[in-house]
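Participant: one predicted model, sequence on top.
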Amino acid sequence: MFNATSEAANATSTAPVSVSALPTDLAGLMAALLSFGALRDWLKLILFGGFFETCRRMWVNTYQKIQNSFYIHAAFEDNDSCYEWLMVWLSQQPQWEKTRNIAISTSSYGKTGILLEKAEGEEDNTTRVVCLPALSTSYNIWFGWHYVSLYKQQDENTDSYYKRSTLHISIVARNRSVLFDLLNEARKAYVAAQEKSTSIYVADTSNSWRRVSERSKRSLESIILEPGIKDLLVHDAKDFLGSKEWYHERGIPFRRGYLLYGVPGAGKTSIIHSLAGELNLDIYVVSLSRLGLDDAALGELINDLPERCIALMEDIDAAFSSSINRGDDDEDDEKKKKSQSQEQGPGATTSRVSLSGLLNALDGVGAQEGRILFATTNKYDALDPALVRPGRMDLHIEFKMASRYQARELFKRFYRPDHIHSRQSEKSTGAKSSSSSETAPDSGYASVQSSSSANSQDGEEGDNEAVQQFQPHSHAGSKIPLDVLDKLAHEFGEAVPERVFSMAALQGYLMTNKVWPLAAVEGAAAWIAEELEKKAKKEAKKAKAAEMKEAKAAEVKEEKVDADSAE
Ligand SMILES: Nc1ncnc2c1ncn2[C@@H]1O[C@H](COP(=O)(O)OP(=O)(O)OP(=O)(O)O)[C@@H](O)[C@H]1O
């Protein structure tokens, strides 16, 4: 039966048409074409197919139009601040907690996220994790009365190792103001989460800024500088940030640069972090010696800085002169450089940024307005005058070795009872504070030291030796009365020679007597003598090395003269 039918069909479709019978008019032509069975079927298929496709497209277009008239769509790229605001906001939404398909990240913001439990044997744990949208997954949540759909998508077209992703948001709303309400709320959540920390950004391999960590804010009181320096910096930076109009009216580029120079370990980096916390600014670290960074990439990075931020360039001298080392540590640096070049392979250079590239990036046409630049160096004289001229680096501040005043204040701050520390930090964040002249109740194991002070003055110090050797790395601070503390601080200040040790070195020494102020004072003279001896040895070694180098150079010169005269 089947064969009979198909044969009949073949007979119809393959019937020969004589060429002489070909019609000449259009109707005849159509009739002739339609006389081919297969062609007729194809035509029907095309007509029906076309009809249905047109209907489908009309439906999709109409649906999209209807949807667009009810929805607001917005896209947020992950290198933009808005993206981070939304992540913080999202991680705080109660509805978000019920989401089952999520991405987990340890990059929490401030106190957002879930605090993980301590592992066995671990003393403390501060690791928090946040639940973020997973890639290629749709989520629906409510923002007030508005239905919000979220979708995170990865950009597959980028060549770099780090793939960008974009968060798409659709809100059921006829008015765009809802989107801005959401952004306002997200930003507030972000600022609140950041209240006690500063975000640090660095450039990734594709030259985009990426938030890599956050640091707890450090109070300005914890940085001890000569009187007036901190105030100068804080007032100058605050004044600058509030003077946008003033700059614009006078046609002066709205940028400010600070150059902090001087000995290592004097507090240059610390004051920058502290100031960032005080001014509520994030820090963008520009690493001039990053492999692969060239003039164009640097310009791009500087242009991409947000309007209010701190751009930090540490050791700005090192980027332009490979022969420059950091002070005393010539040998260490030489070793470091060698191992770096071995790691990076042959032919790898530390930086391809030129001085003119940096100058252009700093104040070229595209340079971001409103940013504060902080540059640090240990080699002030090695810097090109063009780099440090006003307009690029407006304020130059020298950081010296510790004075007696600084040593005294460091001691007081180091051993101050904990409750005064916390009151001070409350004060620095604007909370109520009480008089600092309050005396702490003298109890607890640190008071063993106080009594030991009395004992030792009486010549009975043997019994406490074992206690003193135990250096508890605990959370408890000293509980010494403030008047005793002042007295000990004065003694410590007197023992420390003026402008010989860095603040970092003094802090390092006090760390060896973490909760024993008296032991710190008593041991200061011995420590100082030891350190001075080490310094003298180092100097002598350095002088000898320089002498040998000179002698070798003279020898080579002599040999050359001999060779020339022999010729
Ligand atoms: N003036 C200071 N007041 C309080 N602490 C200080 C001071 N200077 C240094 N320190 C302490 O010493 C350590 C090193 O300080 P910091 O990194 O800020 O020094 P630096 O001048 O930036 O050094 P480098 O030039 O090597 O980068 C920090 O832990 C900091 O707490």
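Facilitator: Perfect, I can see it now.

Participant: and this structure, which of its residues are near the ligand?
Facilitator: Residues of the chain found near the ligand (CB under 6 Å from any ligand atom) are 223-225, 264-270, 376, 378, 399, 503-504, 507. The C-beta positions use only the backbone N, C-alpha and C, and glycine is treated the same way.

Participant: can you show me the strands along the stretch 251-400 of the chain?
Facilitator: For the stretch 251-400 of the chain, the strands defined by DSSP state E, counting those that start in this stretch occupy 256-262, 283-285, 310-313, 372-377, 395-399.

Participant: inside helices: which ones of the residues of the chain next to the ligand?
Facilitator: 268, 269, 270, 503, 504, 507 (DSSP state H).

Participant: I'd like those residues as CSV, with distance to residue 358 and neighbour count appended.
Facilitator: Below are these laid out as CSV (distance: CB to CB, whole Å; neighbours: other CB atoms under 10 Å):
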residue, distance to residue 358, neighbour count
268, 19, 23
269, 20, 15
270, 25, 18
503, 29, 24
504, 28, 15
507, 33, 17
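
Participant: if you count contacts, what does the helix or strand hosting residue 542 end up packed against?
Facilitator: Using DSSP states H and E, residue 542 falls within helix 517-566. Where contact means 3 or more CB pairs under 8 Å, 6 or more residues apart in numbering; DSSP states H and E, helix 517-566 is packed against helix 404-415, helix 446-457, helix 482-495, helix 503-511.

Participant: give the buried residues for the third one.
Facilitator: Buried residues in helix 482-495, counting neighbours by 16 or more other CB atoms under 10 Å, are found at 482, 484, 485, 488, 489, 491, 492, 493, 495.

Participant: dump those residues to a markdown table, plus pLDDT.
Facilitator: Shown next, in a markdown table, are the buried residues of helix 482-495 (pLDDT from 0 to 100):
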| residue | pLDDT |
| --- | --- |
| 482 | 87 |
| 484 | 91 |
| 485 | 92 |
| 488 | 94 |
| 489 | 95 |
| 491 | 95 |
| 492 | 95 |
| 493 | 95 |
| 495 | 95 |
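
Participant: if I read this right, residue 133 contacts residue 139, doesn't it?
Facilitator: Yes: the pair residue 133 / residue 139 is scored as a contact, 6.0 Å apart, by CB atoms under 8 Å.

Participant: these two - which one has more neighbours?
Facilitator: Using other CB atoms under 10 Å, the more surrounded residue of residue 133 and residue 139 is residue 133, with 22 against 18.

Participant: report the separation between the more buried one and the ligand.
Facilitator: 37 Å (CB to the nearest ligand atom, to the nearest Å).

Participant: and that residue, what pLDDT?
Facilitator: Looking at residue 133, its pLDDT stands at 84.

Participant: now it: phi and psi?
Facilitator: phi -60, psi 140 (degrees, to the nearest 10).

Participant: circling back to that earlier point, so what's in contact with residue 133 and residue 139 at the same time?
Facilitator: Residues touching both residue 133 and residue 139 by CB atoms under 8 Å, 6 or more residues apart in numbering: 150, 151.

Participant: so the residue with the shortest distance to the centre of the chain: helix, strand or coil?
Facilitator: Most central in the chain under CA atoms, centre = their mean is residue 200, positioned 1.9 Å from the mean C-alpha point. Look at residue 200: counting by DSSP: H, G, I helix; E, B strand; the rest coil, its state is strand.

Participant: partner residues bridging it?
Facilitator: Note on residue 200: beta-bridge partners by DSSP bridges are residue 213, residue 283.

Participant: quick check: it touching residue 283?
Facilitator: Yes: in this structure, residue 200 is within contact of residue 283 by CB under 8 Å, at 5.2 Å.

Participant: how many neighbours does the closest residue to residue 380 other than its chain neighbours have?
Facilitator: Closest residue in space to residue 380, ignoring its immediate chain neighbours: residue 261 at 4.1 Å, by CB to CB, 6 or more residues apart in numbering. Neighbours of residue 261 under the rule other CB under 10 Å: 22.

Participant: and for residue 554?
Facilitator: Residue 554: 10 neighbours (other CB under 10 Å).

Participant: stretch 106-122: end-to-end distance?
Facilitator: End-to-end distance of stretch 106-122 (CA to CA, to the nearest Å): 18 Å.

Participant: quick one, what contacts residue 359?
Facilitator: Residue 359 neighbours (CB under 8 Å, 6+ apart): 386, 387, 392.

Participant: what distance separates the helix or strand harbouring residue 169 from the centre of its chain?
Facilitator: Assigned by DSSP H and E, residue 169 falls within strand 165-172. Relative to its parent chain, strand 165-172 has a centroid offset of 26 Å by CA atoms, centre = their mean, to the nearest Å.

Participant: for stretch 484-491, same thing?
Facilitator: 39 Å.

Participant: for stretch 189-204, same thing?
Facilitator: So, by CA atoms, centre = their mean, the centroid of stretch 189-204 is 8 Å from its chain's centroid.
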